[in-house]
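S.K.: got a sequence here, can you model it:
(one chain, ligands or ions: 1)
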Amino acid sequence: MRPPDSGTVAVALQDGADLDGFRHAVRGLAARQIPPDAVAWNTTGGSDLLGNEPLGDLPPDAPPVSVPRPIAELIQSVVCHRNPERYALLYTLVWRVLHGERAVLDVQSDPLVHRLELMRKAIRRDIHKMHAFLRFRETTDPDGGERYVAWFEPDHYILDAAAPFFVNRFRSLAWSILTPFGSLHWNRERLIPGPPAQRNDSPEGDAFEGAWRSYYESIFNPARVNPTAMRTEMPKKYWRNMPETRAIPEMVRSAQTRMREMVEREAAAPIKRDPVKAVAAMAQQTPQNLEALNRIIAASAPLTPGADRAVLGEGPLGAAIAFVGEQPGDEEDREGRPFVGPAGRLFDTALQQAGIDRAKAYVTNAVKHFKFEQRGKRRIHQKPTTSEVKHYRWWLVEELNFVRPRLVVALGGTAALALANKPVSVLRARGPAQFDGFAGYVTVHPSYLLRLPDETAKRAAYEQFCSDLARIRELAA
Ligand code: URA
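M.R.: Predicted coordinates for the structure are as follows:
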């Protein structure tokens with residue numbers, strides 16, 4: 001225990017997002033019962049000029065500090081913020097949690113919680129921008145191999161947090177992301193951290209640019225030109241790194257003419273799907289609205305051949321509830337709409353019984369193409385594999401980010417796997433959940449009800465499903 005009038009303790013952390021350093025320091029501070037206002041956090045790497053007592057080594061008997069998971073997640077995010085006060089604010093939060101306020105995050109009106117939540121939001125937004133606006137350019141390694149290099153200027157220390165997205169999407173390519181705060185190099189097996197970089201360390205333009213631009217022009221909808229909104233969503237500072245943005249001024253100028261031509265042609269231009277590189281570029285392109293995303297999904301080929309089309313989500317933007325199923329079935333594939341087959345009909349009846357208007361909800365699937373095995377004339381549904389679900393997951397998350405429902409409902413295990421990004425036992429997890437920044441709910445898939453062999457069990461399961469829907473309606477109200 002610390003004597004009451006001891007002075008300030010200095011804690012030195014690494015520049016950037018030093019989560020390990022912060023955790024270690026918290027353990028030492030908590031073991032010595034040092035209150036937040038007696039800590040001076042130093043993140044500049046220099047020595048403490050005020051002569052404060054350094055925290056020193058962790059006492060051998062310092063117990064581990066355990067905080068509720070939502071607090072740990074908040075810490076993980078906020079350490080990436082560039083505000084030099086971040087560690088002091090976070091330690092104040094931890095201190096309060098350790099002193100009995102374990103549910104402090106539930107009090108959104110609490111000034112500290114409010115401030116930290118704003119910081120978390122800024123981090124999420126920065127990560128989203130990096131995923132959306134980072135552009136790789138093709139270069140050659142000293143050994144002659146292909147390497148894709150991107151320069152990006154995030155607002156915060158988000159490089160490590162944003163990197164798994166690029167690893168998942170470009171696992172088989174060698175690439176580097178350079179930022180003023182550090183760099184990361186992927187060698188097809190692991191990520192290697194590197195020092196901060198400068199803009200002119202990255203190449204200016206490559207053979208991809210033509211493909212980027214023609215792709216962007218093909219998804220550009222002249223009827224939707226709103227330069228102010230465009231600049232808000234895609235601030236100009238990112239434009240320099242994005243070849244397609246060079247086409248924007250001309251596209252905006254010619255929007256009216258192009259729209260007239262489009263109306264005359266009656267239909268939107270189909271996306272060109274041919275050259276491999278254009279498709280690779282397309283896969284990286286992050287669309288700016290649901291319509292553009294849907295065009296990309298519609299233009300994508302099924303992972304296993306056979307499906308007639310990609311079945312897109314349907315429902316209004318801003319719907320209070322988004323229902324996510326597994327994948328389209330035979331009828332959905334033929335009609336091009338989700339949940340219109342036998343499971344869909346049962347789903348509609350249950351929705352009605354629970355007082356949910358399907359037209360006001362958003363309904364979609366984790367996987368957008370029907371996967372089946374042909375047996376004679378019948379197409380027999382096949383469950384998507386985990387890697388297939390992961391392949392489509394990025395689209396699903398983007399889709400939900402555009403719809404912004406109040407509650408996302410996983411109908412069955414495949415949807416829960418996609419939304420939670422890990423396997424979920426539906427019967428154990430049934431009920432409220434948290435998915436990637438969305439309030440969620442896990443329940444069974446309507447086709448599970450159809451498959452139950454015994455009528456009594458079927459009725460009971462159906463009633464339970466309807467009670468879930470009633471609860472979902474309340475939670476989303
Ligand atoms: N099952 C699903 O998961 N989705 C559909 O759209 C239809 C059946």
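S.K.: ok, what's across the strand from whichever residue of the chain sits closest to the ligand?
M.R.: When scored by Cβ to the nearest ligand atom, the chain has Gly325 as its residue closest to the ligand, at 2.7 Å. No exception for glycine: its C-beta is placed from N, CA and C like everyone else's. Applying DSSP bridges to Gly325 gives these bridge partners: Asn365.
S.K.: so what pLDDT did it get?
M.R.: Gly325 is assigned 98 on the pLDDT scale.
S.K.: Pro203 too?
M.R.: Note on Pro203: pLDDT of 69.
S.K.: need the residues of the stretch 201-350 of the chain near the ligand, please.
M.R.: Neighbours of the ligand within the stretch 201-350 of the chain, by Cβ under 6 Å from any ligand atom: Gly325, Glu326, Gln327, Pro328, Gly329, Glu332, Pro338, Phe339, Gly341, Ala343, Gly344.
S.K.: can you give me the strands in the stretch 251-400 of the chain?
M.R.: For the stretch 251-400 of the chain, the strands defined by DSSP state E, counting those that start in this stretch cover 321-325, 362-365, 372-375, 378-381.
S.K.: for the last one, C-alpha coordinates in CSV please.
M.R.: Listed next in CSV are the C-alpha coordinates belonging to strand 378-381 (Å, rounded to 0.1, in the frame of the first residue of the first chain):
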residue,chain,number,x,y,z
ARG,A,378,-32.9,-31.3,-57.9
ARG,A,379,-30.4,-28.9,-56.5
ILE,A,380,-29.7,-30.0,-53.0
HIS,A,381,-28.5,-27.2,-50.6
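S.K.: pairing partners for it, with directions?
M.R.: Paired with strand 378-381 in the same sheet, following DSSP bridges, are strand 372-375 (antiparallel).
S.K.: re earlier: determine which stretch of the strands of the stretch 251-400 of the chain is the most buried.
M.R.: strand 321-325 (a mean of 27; mean count of other Cβ atoms under 10 Å).
S.K.: that strand - contacts with which helices or strands?
M.R.: Packing partners of strand 321-325 (3 or more Cβ pairs under 8 Å, 6 or more residues apart in numbering; DSSP states H and E): strand 362-365, helix 386-403, strand 407-411, helix 413-420, helix 455-476.
S.K.: to Leu191, which of those lies closest?
M.R.: Ranking those by distance to Leu191, with Cβ to Cβ as the measure, places helix 386-403 first at 18.4 Å.
S.K.: mean confidence for the closest one?
M.R.: Mean predicted lDDT for helix 386-403 stands at 90.
S.K.: quick check: buried residues in stretch 30-41?
M.R.: Using 16 or more other Cβ atoms under 10 Å as the test for burial, stretch 30-41 gives Ala30, Ala31, Arg32, Ile34, Pro36, Ala38, Val39, Ala40, Trp41.
S.K.: pLDDT wise, what is the third one at?
M.R.: In this prediction, Arg32 carries a pLDDT score of 91.
S.K.: dihedrals phi and psi, it?
M.R.: phi -100, psi 10 (degrees, to the nearest 10).
S.K.: again, but for the second one
M.R.: Ala31 has phi and psi values of phi -60, psi -30 when expressed as degrees, to the nearest 10.
S.K.: wait, doesn't it sit right on Gly56?
M.R.: No. Using Cβ atoms under 8 Å, Ala31 makes no contact with Gly56, being 11.0 Å away.
S.K.: near Asp357, how many other residues are there?
M.R.: Neighbouring residues of Asp357 were enumerated by other Cβ atoms under 10 Å; the total is 10.
S.K.: wait, what's in contact with it?
M.R.: Neighbouring residues of Asp357 by Cβ atoms under 8 Å, 6 or more residues apart in numbering: Leu351.
S.K.: for Ala62, same thing?
M.R.: So Ala62 contacts Arg27, Gly28, Ala30, Ala31 (Cβ under 8 Å, 6+ apart).
S.K.: how near is it to Gln33?
M.R.: Note on Ala62: its distance to Gln33, by Cβ to Cβ, to the nearest Å, is 11 Å.
S.K.: so which elements touch the helix or strand containing Phe22?
M.R.: Per DSSP states H and E, Phe22 falls inside helix 19-31. For helix 19-31, the packing partners by 3+ Cβ pairs under 8 Å, 6+ apart come out as strand 9-12, helix 69-78, helix 86-98.
S.K.: what do you get if the cut-off is 10 Å, keeping everything else the same?
M.R.: In terms of contacts (3 or more Cβ pairs under 10 Å, 6 or more residues apart in numbering; DSSP states H and E), helix 19-31 is packed against strand 9-12, strand 39-42, helix 69-78, helix 86-98.
S.K.: what parts of the stretch 351-477 of the chain come near the ligand?
M.R.: Within the stretch 351-477 of the chain, the residues that sit near the ligand (Cβ under 6 Å from any ligand atom) are Asn365, Ser447.
S.K.: of the residues of the stretch 201-350 of the chain next to the ligand, which is the most crowded?
M.R.: For those, neighbours tallied by other Cβ under 10 Å; top is Pro328, 31 neighbours.
S.K.: mind checking how far the residue nearest to that one when sequence neighbours are not counted is from Asp348?
M.R.: Nearest residue to Pro328 in three dimensions, chain neighbours excluded: Val311, at 3.8 Å (Cβ to Cβ, 6 or more residues apart in numbering). As defined by Cβ to Cβ, Val311 lies at a distance of 16 Å from Asp348.
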